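**Q** how does the following fold in three dimensions:
(one chain, ligands or ions: 1)
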Amino acid sequence: MISARFAGRLGSFDLDVAFEAPGRGVTALFGPSGCGKTSVLRCMAGLTRLPGGRLEVNGQIWQEGRKITPPHRRAVGYVFQEASLFAHLSVRENLRYGMKRARGPLRIGEAEVVGLLGIEALFSRPTAALSGGERQRVAIGRALLSQPELLLMDEPLSALDRISREEILPYLERLHATLEMPILFVSHDISEVERLADRLVLMEAGKVRAEGPLAQLLADPSLPLIHRPDLAAVIEGEVIAVDPAYGLSEIAVPGGVITVPGALGPAGTRRRLRIPASDVSLGRRAPLDTTILNALPATILDAAPDPDGHLTTVRLALGPAGNGALLLSRVSRKSWDRLGFAPGDRIVARLKATALAGRGRPAETAPERKMTDVPD
Ligand SMILES: Nc1ncnc2c1ncn2[C@@H]1O[C@H](COP(=O)(O)OP(=O)(O)OP(=O)(O)O)[C@@H](O)[C@H]1O
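**A** Down below sits the predicted model:
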């Protein structure tokens, strides 16, 4: 468990934040440029000292007002935007440097780090011969081998091109699924946050505007995130069946089962789905003649027009009882008015399965089961 509060002045900037984060999983600090995200991470690492603060990490007090544990006495791993590897050392020597800096008891071994980040093949290379994504993986490995109690990542992907970013994201997802360690992740790219974070701390002008579970905050009608053009719901579920012939997987989510393209791993694998609001349409009943595979019973929670007034954003709860996962739909205000839906209405949400392609994320493995093995 992490409990953080930092208040004070940095030049002409006022920082006044307080938030909590669980002792495991990824908490994203998200907000516009200059809102104070890096300053919070620096306070957590002890690099910036604000006398009005308190920091507790898994039962250890690292700051209590002016009593501040210096950075070198904190078991913190820090990964920066640009991987700062030692140029004169090989990859393996860089990793060994991390091990020498180990503060706390052994939590993660070299073999596990190397396996998780896929860096064995890079071992003997000089760091100058690495791509941006490879450098960042080595930097993360070095940080992990210092046996941190807490891993801080400040925009670790923002210096990478889109392809390298896509390459490295699955490694970060694996870290998230495997490590028993809290990760504080700073980003101003919501798509990274949607893929990696469990919790969100939304910052604005040096303050915490809101904090809570990711899926809830992404869909909170009182927050500005609801108005973004690429609005999407993030839903966690479990693979229950795979149909290799059609290349489809069935994912059980709270309140329903969603069919998704791709063989998304053996039954039991946890997956995260990102479902764009623009790919969800609404109807009174299940469509008869359509190519749409997913027609899910749901209940309308509420609806609000977008700022320009042409679109309506609808929040839905999946399932016949209307208590399942939160789904979002963005429809034209004209069709919303024409259909005359209202909060509390039971409707059918239609999702285009292709809209979900490749957006799962692996977790624990479980024995393989095919769709054909699942009883009707
Ligand atoms: N040591 C300092 N002295 C003076 N001003 C500072 C100091 N540290 C941070 N600031 C100011 O605090 C504000 C917040 O900076 P910070 O880097 O924390 O924001 P950020 O949200 O991480 O921004 P970005 O997303 O652009 O990296 C900025 O206006 C910055 O200039």
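**Q** just the closest residue of this protein to the ligand, please.
**A** Gly11 (2.7 Å; Cβ to the nearest ligand atom). In this view, the C-beta of every residue, glycine as well, is placed from N, C-alpha and C.
**Q** count of neighbours near that residue?
**A** 5 (other Cβ atoms under 10 Å).
**Q** for the stretch 51-200 of the chain, which residues are neighbours of the ligand?
**A** His188 (Cβ under 6 Å from any ligand atom).
**Q** show me where the stretch 51-200 of the chain has helices.
**A** 91-100, 110-117, 132-145, 162-178, 190-196 (DSSP state H, counting those that start in this stretch).
**Q** okay, the ones you listed, which one's buried deepest?
**A** helix 132-145 (a mean of 24; mean count of other Cβ atoms under 10 Å).
**Q** can you name every helix or strand that that helix contacts?
**A** strand 76-79, helix 91-100, helix 110-117, strand 150-154, helix 162-178 (3 or more Cβ pairs under 8 Å, 6 or more residues apart in numbering; DSSP states H and E).
**Q** what is the orientation angle of the fourth one with helix 162-178?
**A** Okay, so that is strand 150-154. Interaxial angle, strand 150-154 versus helix 162-178 (axes from the mean of the first three to the mean of the last three Cα atoms, to 10 degrees): 160 degrees.
**Q** tell me what angle strand 150-154 forms with helix 132-145.
**A** For strand 150-154 against helix 132-145, the angle between stretch directions is 160 degrees (the same axes, to 10 degrees).
**Q** go ahead and name everything in contact with strand 150-154.
**A** By Cβ atoms under 8 Å, 6 or more residues apart in numbering, the surrounding residues in contact with strand 150-154 are 2, 37-38, 41, 44-45, 57-58, 74-81, 140, 143-144, 179, 181-186.
**Q** quick check on the residues you listed: which are buried?
**A** Neighbour-count burial (16 or more other Cβ atoms under 10 Å) is assigned, among these, to 2, 37-38, 41, 44-45, 57, 74-81, 140, 143-144, 179, 181-186.
**Q** was I right to think Thr259 contacts Tyr246?
**A** No: the pair Thr259 / Tyr246 is not scored as a contact, 9.2 Å apart, by Cβ atoms under 8 Å.
**Q** higher neighbour count, the two?
**A** Thr259 (18 against 12).
**Q** give me the beta-bridge partners of the more buried one?
**A** Beta-bridge partners for Thr259, by DSSP bridges, are Glu250.
**Q** ok, the nearest residue to Arg66 once chain neighbours are set aside - contacts?
**A** Leaving out its chain neighbours, the residue that sits closest to Arg66 by Cβ to Cβ, 6 or more residues apart in numbering is Pro51, at 4.9 Å. Counting by Cβ under 8 Å, 6+ apart, Pro51 touches Gly8, Gly65, Arg66.
**Q** recalculate using a threshold of 10 Å.
**A** Phe6, Ala7, Gly8, Gln63, Gly65, Arg66, Lys67, Ile68 (Cβ atoms under 10 Å, 6 or more residues apart in numbering).
**Q** low-confidence stretches in the stretch 251-376 of the chain?
**A** 289, 291, 353-376 (pLDDT under 70).
**Q** what residues does it have near the ligand?
**A** Counting by Cβ under 6 Å from any ligand atom, the stretch 251-376 of the chain has no residue next to the ligand.
**Q** for the stretch 251-376 of the chain, just list every one of the strands.
**A** 256-261, 270-276, 280-283, 294-305, 311-318, 326-332, 346-351 (DSSP state E, counting those that start in this stretch).
**Q** give me the sheet partners of the third one and which way each runs.
**A** Just to be clear, that refers to strand 280-283. strand 346-351 (antiparallel).
**Q** now the angle from the strand it pairs with to strand 256-261?
**A** Using the same axes, to 10 degrees: strand 346-351 against strand 256-261 is 20 degrees.
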